[in-house]
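Engineer: From the sequence below, what's the structure:
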Amino acid sequence: MTVQTKKTQRRDLLAADIPTTLRKMTIPMIYGMIMLMTFGLVDTFFVSLLGTQQLAAISFTFPVTFTLISLNIGLGIGTSAIIGRYLGSGDETHAKETGTGALILSALLVGVLAIIGAITIQPVFHWLGASELLMPYIYDYMIVWYVAGVFLAIPMVGNSILRASGDTKTPSLIMAAGGGINAALDPLLIFGWGPVPAMGIQGAAVATMVAWGISVVWILYLLAVQRKLIEPRLLNWTELKRSSAGVLKIGLPAAGANMLTPIAGGIMTKLVAAYGAGAVAAWGVGNRLESMASIVVLALSMSLPPLVSQNFGAGHIHRVREAYSLSIKFVMFWQLGVFFIMWLLSPFIAAAFTDDAQVAALIQLFLMIVPLGYGLQGVVILTNSSFNAMHKPMSGLVLSIIRLFIFFVPISYVGSLLYNLEGMFWGGVLANLLMASVSFVWFRRTILRDIQNATAIEQ
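Structural biologist: The predicted structure is shown next:
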């Protein structure tokens with residue numbers, strides 16, 4: 001990509017029609033996210049063919065794996081926000097240094113967290129409620145997955161650099177390729193074929209590690225050689241501190257906000273474990289399906305921030321408000337349609353994942369209730385991503401704390417006490433409704449205050 005092309009993309013984000021810009025940026029992200037989400041869903045499907053115990057084991061891993069992924073997401077958010085603002089103000093030199101520092105920082109931080117995770121597999125999963133019967137399966141999967149998690153850090157942050165410059169097509173292609181490689185390797189490594197031995201549940205983690213390892217080579221070559229968006233070298237200590245400061249200022253609160261989700265998910269998994277391995281298996285399938293069902297929300301949460309951060313950096317606050325409002329309206333209507341589709345297809349989806357009648361019934365119950373709250377959850381996600389893009393990460397962190405530990409976990413717990421798992425599911429929907437209302441009002445008031453401040457300065 002030439003310098004002129006990069007400048008053209010920046011002007012597009014600052015001046016082009018907002019609905020058109022969002023559509024052009026989001027549609028490629030949807031394709032890429034669909035393939036990326038197949039990592040968890042395809043792993044879950046093939047592991048489910050091994051049996052209910054293996055399915056329950058991989059379901060226990062979700063809160064832990066998503067904790068590490070959340071750190072990557074947070075660092076990516078910080079990277080995108082800082083680079084987007086630099087590009088919005090025309091400072092490409094600092095944008096390039098920031099991208100380089102963010103890649104180095106992510107590899108270091110995720111590596112440390114992965115080492116800690118590998119050492120603490122036994123106590124962490126015992127706390128989550130995993131039985132001794134499941135622990136060998138969990139260990140086999142997680143000891144490889146932690147290595148894969150380090151490989152994931154670089155392409156996730158690297159894709160954020162590309163999105164900050166206005167390019168969502170290439171990150172989508174990288175994500176799609178990774179998902180495709182994982183899907184192709186899963187059955188081969190899990191069940192074996194010819195000279196390749198059957199690795200069982202560990203094969204799913206190895207497939208993921210190989211897919212992400214290939215993505216690392218691809219994204220580094222693309223950023224350093226083809227696009228020249230990063231320095232083709234390691235930064236010295238002074239440069240690393242300077243470039244990391246802004247990323248950490250936004251990325252750590254954003255990562256904290258994202259990491260609260262798997263922490264809350266771990267608490268919920270512990271509550272579900274009281275209903276047996278079948279309930280945990282159903283809960284795990286439901287959570288994997290939630291990622292696929294929320295694909296448009298997740299894509300928008302990645303395409304909206306560059307638009308917001310560049311316009312915020314250029315002082316175009318009215319365009320920020322317009323982009324946010326348009327995204328919220330679209331997500332609410334879209335996710336309502338997704339709910340009706342999942343409700344209608346719930347018996348067929350459940351049958352695809354298990355032949356255990358009890359587990360299938362619980363999966364169907366999940367799909368007939370929980371997706372009703374996905375649009376409301378989308379409001380919270382887009383509000384958080386917009387706050388981060390506007391360099392207000394603490395607002396996003398506070399919203400996440402309120403959503404998970406004031407609304408979601410307590411209301412779901414009370415629901416489970418009153419009406420068992422069905423009550424827990426309905427409690428989550430109610431919590432999302434309350435939190436979506438709080439998020440929308442908070443953001444509207446924040447943006448109104450920024451507009452008033454900008455008007456006062458101009459006068």
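Engineer: for this structure, longest helix please?
Structural biologist: The longest helix of the chain (DSSP state H) is helix 409-458.
Engineer: elements contacting that one?
Structural biologist: Packing partners of helix 409-458 (3 or more C-beta pairs under 8 Å, 6 or more residues apart in numbering; DSSP states H and E): helix 237-273, helix 317-353, helix 357-369, helix 374-389, helix 393-401. For glycine as for every other residue, the C-beta is placed from the backbone atoms N, C-alpha and C.
Engineer: Mean confidence (pLDDT) on it, please.
Structural biologist: Confidence for helix 409-458, expressed as mean pLDDT, is 87.
Engineer: coming back round to it: kindly reformat the helices and strands packed on helix 409-458 as CSV containing distance to residue 167.
Structural biologist: Converted to CSV, those look like this (distance: least, C-beta to C-beta, whole Å):
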stretch, distance to residue 167
helix 237-273, 19
helix 317-353, 18
helix 357-369, 35
helix 374-389, 17
helix 393-401, 24
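Engineer: Of those, which stretch is the most buried?
Structural biologist: helix 374-389 (a mean of 26; mean count of other C-beta atoms under 10 Å).
Engineer: mean pLDDT lowest for which of the helices and strands packed on helix 409-458?
Structural biologist: Lowest mean pLDDT within these: helix 237-273, a mean of 82.
Engineer: quick one: that helix to helix 409-458, angle?
Structural biologist: Angle of helix 237-273 versus helix 409-458, following axes from the mean of the first three to the mean of the last three C-alpha atoms, to 10 degrees, is 150 degrees.
Engineer: so what does helix 237-273 touch, helix or strand wise?
Structural biologist: helix 52-88, helix 92-119, helix 277-293, helix 374-389, helix 393-401, helix 409-458.
Engineer: And those: which comes nearest residue 362?
Structural biologist: Nearest to residue 362 among the helices and strands packed on helix 237-273 is helix 277-293 (3.5 Å), distances taken as C-beta to C-beta.
Engineer: Quick check: mean pLDDT of whatever helix or strand comes next after the closest one?
Structural biologist: Where DSSP states H and E defines the elements, the next helix or strand beyond helix 277-293 is helix 295-313. Averaging pLDDT along helix 295-313 yields 79.
Engineer: centre of the chain versus helix 295-313, how much separation?
Structural biologist: Between the centre of helix 295-313 and the centre of its chain there are 13 Å (C-alpha atoms, centre = their mean, to the nearest Å).
Engineer: what angle separates it from helix 374-389?
Structural biologist: In terms of direction (the same axes, to 10 degrees), helix 295-313 departs from helix 374-389 by 30 degrees.
Engineer: Next, the angle helix 52-88 makes with helix 295-313.
Structural biologist: Computed with the same axes, to 10 degrees, the direction of helix 295-313 lies at 20 degrees from that of helix 52-88.
Engineer: Just the C-alphas of helix 295-313, formatted as CSV.
Structural biologist: Listed next in CSV are the C-alpha coordinates belonging to helix 295-313 (Å, rounded to 0.1, in the frame of the first residue of the first chain):
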residue,chain,number,x,y,z
ILE,A,295,-20.7,-11.9,14.4
VAL,A,296,-22.1,-8.7,13.1
VAL,A,297,-21.7,-7.0,16.5
LEU,A,298,-18.1,-8.1,16.8
ALA,A,299,-17.3,-7.0,13.3
LEU,A,300,-18.8,-3.6,13.9
SER,A,301,-16.9,-3.3,17.2
MET,A,302,-13.7,-3.6,15.1
SER,A,303,-14.8,-1.4,12.1
LEU,A,304,-16.5,1.4,14.2
PRO,A,305,-13.4,2.4,16.3
PRO,A,306,-11.1,3.5,13.5
LEU,A,307,-14.0,5.7,12.1
VAL,A,308,-14.6,7.1,15.6
SER,A,309,-10.9,7.6,16.6
GLN,A,310,-9.9,9.4,13.3
ASN,A,311,-12.9,11.7,13.4
PHE,A,312,-12.4,12.3,17.1
GLY,A,313,-8.8,13.1,16.5
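Engineer: what packs against that helix?
Structural biologist: Using 3+ C-beta pairs under 8 Å, 6+ apart: helix 295-313 touches helix 3-15, helix 18-48, helix 52-88, helix 135-164, helix 317-353, helix 374-389.
Engineer: These into JSON lines, with extra columns for distance to residue 223?
Structural biologist: Output for those, formatted as JSON lines (distance: least, C-beta to C-beta, whole Å):
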{"stretch": "helix 3-15", "distance to residue 223": "13"}
{"stretch": "helix 18-48", "distance to residue 223": "17"}
{"stretch": "helix 52-88", "distance to residue 223": "12"}
{"stretch": "helix 135-164", "distance to residue 223": "6"}
{"stretch": "helix 317-353", "distance to residue 223": "26"}
{"stretch": "helix 374-389", "distance to residue 223": "21"}
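Engineer: Out of those, which gets nearest to residue 294?
Structural biologist: Per C-beta to C-beta, nearest to residue 294 of those: helix 374-389, 5.4 Å.
Engineer: re earlier: mind checking the helices and strands packed on helix 409-458 for the one nearest to residue 48?
Structural biologist: helix 317-353 (5.2 Å).
Engineer: what packs against the closest one?
Structural biologist: For helix 317-353, the packing partners by 3+ C-beta pairs under 8 Å, 6+ apart come out as helix 18-48, helix 277-293, helix 295-313, helix 357-369, helix 374-389, helix 409-458.
Engineer: Do I have it right that residue 359 meets residue 51?
Structural biologist: No: the criterion here is C-beta atoms under 8 Å, and residue 359 misses it with residue 51 at 11.0 Å.
Engineer: Identify whichever of the helices and strands packed on helix 295-313 lies nearest to residue 287.
Structural biologist: helix 52-88 (5.6 Å).
Engineer: on that earlier part again, can you get me the centre-to-centre distance for the longest helix of the chain and its chain?
Structural biologist: Offset of helix 409-458 from its chain centre (C-alpha atoms, centre = their mean): 19 Å.
Engineer: Over to stretch 307-318?
Structural biologist: On C-alpha atoms, centre = their mean, the centre of stretch 307-318 falls 24 Å from the chain's centre.
Engineer: what does stretch 239-249 give?
Structural biologist: What separates the centre of stretch 239-249 from the centre of its chain is 23 Å, taken as C-alpha atoms, centre = their mean.
Engineer: which outside residues touch that stretch?
Structural biologist: Contact with stretch 239-249 is made by 75, 78-79, 82, 94, 97-98, 100-102, 104-105, 235, 393, as judged by C-beta atoms under 8 Å, 6 or more residues apart in numbering.
Engineer: swap the cut-off to 6 Å and go again
Structural biologist: Residues outside stretch 239-249 that contact it (C-beta atoms under 6 Å, 6 or more residues apart in numbering) are 78-79, 82, 97-98, 101-102, 105.
Engineer: Please apply the same query to stretch 102-122.
Structural biologist: Contacts for stretch 102-122 (C-beta under 6 Å, 6+ apart): 68, 71, 75, 79, 139, 142, 146, 149-150, 153-154, 157, 244, 247.
Engineer: Try it again at 8 Å.
Structural biologist: By C-beta under 8 Å, 6+ apart, stretch 102-122 touches 64, 67-68, 71-72, 75-76, 78-79, 124, 135, 138-139, 142-143, 146-147, 149-150, 152-154, 156-158, 160-161, 220, 223, 230, 234-235, 240, 243-244, 247-248, 251.
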